[in-house]
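# the following block contains a protein sequence and its predicted model.
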Amino acid sequence: MAERDHHISQAEAVALIGAHKVAKGEPRAWMFSRGIIDEILAQPKCSGLRIYLAGAGAETTVVMVGTDGTNVDLADGVIAERGWPCPPDCPDSSPLDVSTP
């Protein structure tokens, strides 16, 4: 799979996060420890990370899985969920998570 520039500016991030808050509400973010991300990325053949939206209604979450160089999920490997949802586990403040317009 070709490389892609995933970088965006802080202003773009704020706009995207704000639009999601208006359209979808909560949860608006999940936090995962570095350990599980490192464990997924350290798998043989792993070259990326896919994040699936999962659940229904108030039970929305994300599921993370590694991908190989041909865009195939490493579904027999490490798969993660159980992140800390925001809310309630939100930072006290973040320049990215501003009040909705």
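Happy to help now that I have it.

# quick one, longest helix in the chain?
Longest helix of the chain, by residue count under DSSP state H: helix 10-24.

# quick one: buried residues of the helix or strand following it?
Per DSSP states H and E, the first helix or strand lying C-terminal to helix 10-24 is strand 29-31. Neighbour-count burial for strand 29-31 flags Ala29, Trp30 (criterion: 16 or more other C-beta atoms under 10 Å). C-beta: built from backbone N, CA, C; applies to glycine.

# ok, stretch 83-100 next?
Neighbour-count burial for stretch 83-100 [16+ other C-beta under 10 Å]: Gly83, Pro85, Cys86, Cys90, Asp97.

# wait, which of those residues is closest to Leu74?
Distance to Leu74 across the buried residues of stretch 83-100 (C-beta to C-beta) is lowest for Gly83, with 18.8 Å.

# for beta bridges, what are the partners of the nearest residue to the closest one once chain neighbours are set aside?
The shortest distance from Gly83 to any non-neighbouring residue, by C-beta to C-beta, 6 or more residues apart in numbering, is to Trp30 (3.6 Å). Legend: beta-bridge partners of Trp30 under DSSP bridges are Pro85.

# please look at Trp30 and Pro85 and confirm they touch.
Yes: with contact defined as C-beta atoms under 8 Å, Trp30 reaches Pro85; the gap is 5.6 Å.

# identify the contacts common to these two.
Thr61 (C-beta atoms under 8 Å, 6 or more residues apart in numbering).

# assign a three-state SS to the nearest residue to Cys46 once chain neighbours are set aside, would you?
In space, and not counting its chain neighbours, Cys46 is closest to Gly66: 3.9 Å by C-beta to C-beta, 6+ apart. Secondary structure state of Gly66, per DSSP: H, G, I helix; E, B strand; the rest coil, is strand.

# could I get the contacting residues of Gly66?
Ile40, Leu41, Gln43, Cys46, Gly48, Leu49, Arg50, Asp73, Leu74, Gly77, Val78.
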